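Engineer: coordinates only, sequence not included:
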């Protein structure tokens, strides 16, 4: 049984038109765009439909999150005044989940702060591969009444299986172990995990796992990649150790700046991602999985 009725409306923003169209078709929902205007001073004005059903889903993937969080504040509170009684955030990528503790005195624990901000606006959240390292469940980070967590790992595993013979899945660090294991289980792939030694955002060293690498087609798999430096360093070491090829598969392609060039320069071949974050590397569509969650999954 679905938590969301058949007349639940999907709201989206113009920059996610293609994603919203795919999701609306897969979920068989009405999708309406939120009109957005930016004033010269940077402030944002939104316009929603003037009447809303009791249940509303808002699609907003939260890469480049700062403006988008303000949009969610305006959209969610306005939706309540227009008839929405139950609001769901569909955020294929959920930002600010990685800073889950104060690593130095005085640091903001972003996960708790942004998680509470979202929970104060929404009754439910649907997301894909949230970066939860020191908390067990999404509801600990985002304390909503209903939380649905999907993973891109199985679909990435299917994509890899169709393109590589006997691939070896490698996680670039210990935190990637859960996604690598899930993807490997799907097709009984061999898998292992590197150990990351980070000296700064762009100063990363990697220790390879103790596995046979000679002649193997390796795929580095993780939930998220940003600068590309971690997977680039791992790829250099893997190729030096005899790997026949190294490709990359990630759920969230946050690739900033020259990340793709950094990876290509390190000898990485193909880069594959889900469409949770819009990027030229998108190879796997999550619309059907998100639609299934809307139409039948309950957490």
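Structural biologist: Thanks, I have it. Only a predicted model underlies this, so the values are computations on that prediction, with no experimental measurement involved.
Engineer: CA atoms for contacts and neighbours, from now on please.
Structural biologist: Will do.
Engineer: and stretch 27-43, how far apart are its ends?
Structural biologist: Using C-alpha to C-alpha, to the nearest Å, the end-to-end distance of stretch 27-43 comes out at 33 Å.
Engineer: looking at the chain, which helix or strand does the model trust least?
Structural biologist: Among the helices and strands of the chain, strand 195-200 carries the lowest confidence by mean pLDDT, DSSP states H and E, at a mean of 70.
Engineer: can you list contacts of stretch 37-47?
Structural biologist: 34-36, 71, 74-75 (C-alpha atoms under 8 Å, 6 or more residues apart in numbering).
Engineer: outside of stretch 23-32 itself, list whatever touches it.
Structural biologist: The contact list for stretch 23-32 (C-alpha under 8 Å, 6+ apart) reads 6-12, 20-21, 49, 287-288, 290-292, 294-295.
Engineer: buried ones among those?
Structural biologist: 8-12, 20-21, 287, 290-291, 294-295 (16 or more other C-alpha atoms under 10 Å).
Engineer: check those residues against residue 66 and report the nearest one.
Structural biologist: Within the buried ones among the contacts of stretch 23-32, the smallest distance to residue 66 is 16.9 Å, found for residue 12 (C-alpha to C-alpha).
Engineer: bridging residues for that closest one?
Structural biologist: Counting by DSSP bridges, residue 12 is bridged to residue 33.
Engineer: how far away is it from residue 89?
Structural biologist: Taken as C-alpha to C-alpha, the span from residue 12 to residue 89 is 10 Å.
Engineer: identify the contacts common to the two.
Structural biologist: Common neighbours of residue 12 and residue 89 (criterion: C-alpha under 8 Å, 6+ apart): 58-60.
Engineer: as TSV, these with secondary structure, pLDDT and distance to residue 213 would be great.
Structural biologist: Listed next are those as TSV, based on DSSP: H, G, I helix; E, B strand; the rest coil; pLDDT from 0 to 100; distance: C-alpha to C-alpha, whole Å:
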residue	secondary structure	pLDDT	distance to residue 213
58	strand	98	45
59	strand	98	42
60	coil	98	40
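Engineer: now neighbour count and distance to residue 216 too, for the residues you listed, in a markdown table please.
Structural biologist: A markdown table is the format used below for the shared contacts of residue 12 and residue 89 (neighbours: other C-alpha atoms under 10 Å; distance: C-alpha to C-alpha, whole Å):
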| residue | neighbour count | distance to residue 216 |
| --- | --- | --- |
| 58 | 26 | 43 |
| 59 | 24 | 40 |
| 60 | 25 | 39 |
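Engineer: quick revisit: and the furthest pair within the buried ones among the contacts of stretch 23-32?
Structural biologist: Every pair of the buried ones among the contacts of stretch 23-32 checked by C-alpha to C-alpha; the farthest is 12 and 295, at 18.0 Å.
Engineer: got a list of what residue 250 touches?
Structural biologist: Applying C-alpha under 8 Å, 6+ apart, one finds that residue 250 lies in contact with 156, 221-225, 272-274.
Engineer: ChimeraX command for the buried members of these?
Structural biologist: Those of those that count as buried under 16+ other C-alpha under 10 Å are selected in ChimeraX with:
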select :156,221,222,223,224,225,272,273,274
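Engineer: out of the contacts of residue 250, list just those in helices.
Structural biologist: When DSSP state H is applied, those are split such that residue 156 fall in helices.
Engineer: ok, residue 67 - how many residues close by?
Structural biologist: The number of residues packed near residue 67 is 13, by other C-alpha atoms under 10 Å.
Engineer: whoops, I mixed them up, residue 242
Structural biologist: 14.
Engineer: once you drop chain neighbours, what's closest to it?
Structural biologist: Residue nearest to residue 242 in three dimensions, not counting chain neighbours: residue 214, with 4.3 Å by C-alpha to C-alpha, 6 or more residues apart in numbering.
Engineer: in this structure that neighbour contacts residue 241, no?
Structural biologist: Yes - when contacts are counted by C-alpha atoms under 8 Å, residue 214 is listed as touching residue 241 (6.7 Å).
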